[in-house]
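Student: The sequence and its predicted three-dimensional model are supplied below.
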Amino acid sequence: MLKSLAWTPSGGLVADPSPDRFAEFIANPEAVLWVDMEAAKAKEIAILRKPFGVAPTAVDECRDYTALPKVEDYGAYILVILHRIQFDESSRRMNLREIDFLVGKNWIVTVREDSSTSVAEVHKRLVGTPDIFREGPGRVMADIIEAMTNRYFPTIEFLEKEIDDLEESMIEKRDAGDPFGRILSLRRSVVALRRSLVPQREVISRLAREEFRLSGAPTALRFRSIHDELYWILTELEIYRELLTSAFEGFAAMASNRLATISNRMNRVMEKLSRFATIFMPLTLITGVYGMNFEHMPELKWPWAYPVLLVVIVGLGFGLASYFKRTLPPIAIEPEEGPPPLVTRVWKRGEGASRKAGGRG
C-alpha cells in the first residue's frame with residue numbers, strides 16, 4: 001500500500017498525489033514530499049530508484065530485515081533503519097518491527113512491512129496541521145520516531161509490574177506458577193529490547209548532533225529529547241535485568257533449600273528406621289534360633305525357658321535402646337516455619353515510568 005502527502009507554500013497540502021507527480025515535487029525546492037510504503041510490492045519499491053534516485057544497496061536494505069538499527073549517509077540522502085515495538089499486554093507478546101527512513105533534502109520515504117500506529121498518528125496530525133511541513137522532512141521523521149519511542153513506555157510499565165509480582169511471591173512465599181519460566185521469558189524480552197535500543201540511541205544521537213544537516217535547531221532539539229527518553233528507558237531495562245538475575249538466583253536458592261529440607265526429612269526417617277532395625281536384629285536372631293524346633297534343644301524341656309527368654313529379649317531391647325541414646329546424637333526436630341520477614345521498600349522502582357506512560361497514553 002502506498003500513501004503520500006505533498007506540501008508547497010503556495011498550493012498547500014496535496015493528499016495522495018499521483019506517483020507521476022513525485023518528480024515535480026522533488027524538483028521544487030520549496031515543496032516537501034512524504035511517501036509511506038506499507039508491505040510494498042515490487043512495482044512500488046521501484047519508485048525508490050526513479051524519481052528518488054535511491055542506490056540499489058539502499059533499496060536492498062529496505063527490502064531485507066536488518067538486525068540492528070543504523071544510519072548510512074549516501075550524500076544526497078540518508079538511510080535510517082530503526083526498530084519499533086508492537087506489544088499486546090493481554091497476550092504478553094512483544095515484537096520488534098523494522099521501519100526504514102529515506103530522507104533527502106525535501107522528501108522522505110518510510111518503508112515498513114506492516115501497519116504502524118505511530119505512522120498513522122503522525123499522518124493524521126500532518127493532515128490536520130500541514131504547516132508542520134515547513135520544518136522539512138527531518139521534522140516528519142522526528143515526529144514518527146517520537147511516537148514510536150512513546151510506545152515503549154507501556155512495555156516498561158508491564159515489565160515493572162511483572163517483576164514486582166515475582167518479588168512479592170518470593171517475599172510472601174506463595175506459588176508463582178513457573179517462576180523460572182517467567183523469569184527467563186522476561187529476561188529474554190529485556191535483553192532483546194536492550195540489544196535493539198542501544199544502537200538505536202546511537203542513531204538518534206547522531207541525528208541530534210545535526211551530523212547530516214537534515215533540519216534546523218528545533219528538530220535537533222526534538223531528537224535530543226528522544227535521545228534522553230531512550231537513555232531513561234535503557235537505564236530502567238538495565239535495572240530490570242539485574243533484578244531478574246537476582247530473582248532467578250533467589251528462586252534457585254529457595255528451590256535448593258526445599259530440596260535440602262526434603263533430603264533432611266528423608267535422612268531423619270531413615271535414621272529412625274535404622275535404629276529400630278538395629279534393635280530388632282538380635283531379637284529376631286534369638287527368636288529365629290528357638291523357632292527351628294530341633295528335637296535336641298535342652299532349653300525346650302526347661303520349665304522356666306519361656307519367661308527367661310522373654311526377659312532376655314526385653315532386656316536386650318532396652319539395653320540397645322539405652323546404648324544408642326547415650327552414644328548417638330538425638331534426632332533433630334524440624335522447627336516450624338515462621339512468618340515471612342517484614343520488608344520495607346526504601347524507594348519505589350519505576351515510579352516515573354507509570355507517570356510517563358500514563359501521561360502519554
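Tutor: Arrived safely, thanks for sending.

Student: which SSE is Y240 in?
Tutor: Element membership for Y240, per DSSP states H and E: helix 217-289.

Student: Okay, buried residues for the helix or strand immediately after that helix in the chain please.
Tutor: Using DSSP H and E, the helix or strand that follows helix 217-289 towards the C-terminus is helix 305-327. If you call a residue buried by 16 or more other CB atoms under 10 Å, then helix 305-327 has these buried ones: 313, 320. C-beta: built from backbone N, CA, C; applies to glycine.

Student: The helix holding Y240 packs against which elements?
Tutor: helix 137-150, helix 152-172, helix 179-208, helix 305-327 (3 or more CB pairs under 8 Å, 6 or more residues apart in numbering; DSSP states H and E).

Student: again, 10 Å this time
Tutor: Where contact means 3 or more CB pairs under 10 Å, 6 or more residues apart in numbering; DSSP states H and E, helix 217-289 is packed against helix 137-150, helix 152-172, helix 179-208, helix 305-327, helix 351-360.

Student: For it, what does the pLDDT average out to?
Tutor: Regarding helix 217-289, the rounded mean pLDDT is 84.

Student: Also stretch 326-346?
Tutor: Stretch 326-346 comes out at a mean pLDDT of 51.

Student: Listing request: residues of the stretch 101-250 of the chain with sub-threshold pLDDT.
Tutor: The stretch 101-250 of the chain contains residues with pLDDT under 70 at 173-177, 214-217.

Student: which residues touch the helix or strand hosting K124?
Tutor: Assigned by DSSP H and E, K124 falls within helix 117-128. By CB atoms under 10 Å, 6 or more residues apart in numbering, the list of residues contacting helix 117-128 from outside reads 3, 5, 7, 13, 15, 32, 34, 36, 38, 84-86, 99, 110, 112, 116, 132-133, 139-151.

Student: Narrow those to just the buried residues.
Tutor: The neighbour-count test (16+ other CB under 10 Å) marks 5, 7, 13, 32, 34, 36, 38, 84-85, 99, 110, 112, 116, 132-133, 139-151 as buried among those.

Student: Contact partners for the closest residue to R209 other than its chain neighbours?
Tutor: Counting by CB to CB, 6 or more residues apart in numbering, R209 lies nearest to A220, which is 7.7 Å off, once chain neighbours are set aside. Counting by CB under 10 Å, 6+ apart, A220 makes contact with 138, 142, 207-211, 214.

Student: Pull out the buried members of those.
Tutor: 138, 142, 207-208, 214.

Student: Which residues does V109 form beta bridges with?
Tutor: Counting by DSSP bridges, V109 forms beta bridges with V35, L102.

Student: Does it touch L33 like I think?
Tutor: Yes - using CB atoms under 10 Å, V109 is in contact with L33, at 8.6 Å.

Student: which one of the two has more residues nearby?
Tutor: Neighbours of V109 and L33, each counted by other CB atoms under 10 Å, are more numerous for L33; the result is 28 against 25.

Student: Rounded mean pLDDT for the host helix or strand of the more buried one, please.
Tutor: Per DSSP H and E, L33 falls inside strand 32-38. On average, the pLDDT along strand 32-38 is 94.

Student: Quick check: which helices or strands does that strand pack against?
Tutor: The contact analysis (3+ CB pairs under 10 Å, 6+ apart) places strand 32-38 against strand 2-8, helix 22-27, helix 42-45, strand 93-103, strand 107-112, helix 117-128, helix 137-150.

Student: would JSON lines of these with distance to L273 be doable?
Tutor: Putting these into JSON lines (distance: least, CB to CB, whole Å) gives the following:
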{"stretch": "strand 2-8", "distance to L273": "80"}
{"stretch": "helix 22-27", "distance to L273": "89"}
{"stretch": "helix 42-45", "distance to L273": "78"}
{"stretch": "strand 93-103", "distance to L273": "53"}
{"stretch": "strand 107-112", "distance to L273": "70"}
{"stretch": "helix 117-128", "distance to L273": "67"}
{"stretch": "helix 137-150", "distance to L273": "66"}
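
Student: what's the closest of these to N257?
Tutor: Closest approach to N257 among these (CB to CB): strand 93-103, 33.1 Å.

Student: That closest one: which residues count as buried?
Tutor: The neighbour-count check on strand 93-103 (16+ other CB under 10 Å) flags 94, 96-103 as buried.

Student: what is in contact with V109 and L33 at once?
Tutor: Counting by CB under 10 Å, 6+ apart, the residues touching both V109 and L33 are 4, 22, 52, 137.

Student: Skipping adjacent residues, who's closest to the first one in space?
Tutor: In this structure, S4 finds its nearest non-sequential neighbour in V35, 4.5 Å apart by CB to CB, 6+ apart.

Student: tally of neighbours for that neighbour?
Tutor: Neighbourhood size, V35 [other CB under 10 Å]: 25.

Student: ditto for L234
Tutor: Neighbours of L234 under the rule other CB under 10 Å: 16.

Student: Same question for D114.
Tutor: Other residues lying near D114 total 11 when counted by other CB under 10 Å.

Student: next one: stretch 156-176 to chain centre, how far?
Tutor: With CA atoms, centre = their mean, to the nearest Å as the basis, stretch 156-176 stands 13 Å off its chain's centre.

Student: Please apply the same query to stretch 259-278.
Tutor: So, by CA atoms, centre = their mean, the centroid of stretch 259-278 is 43 Å from its chain's centroid.

Student: Which residues in stretch 258-276 does the neighbour count mark as buried?
Tutor: Buried residues in stretch 258-276, counted by 16+ other CB under 10 Å: R275.
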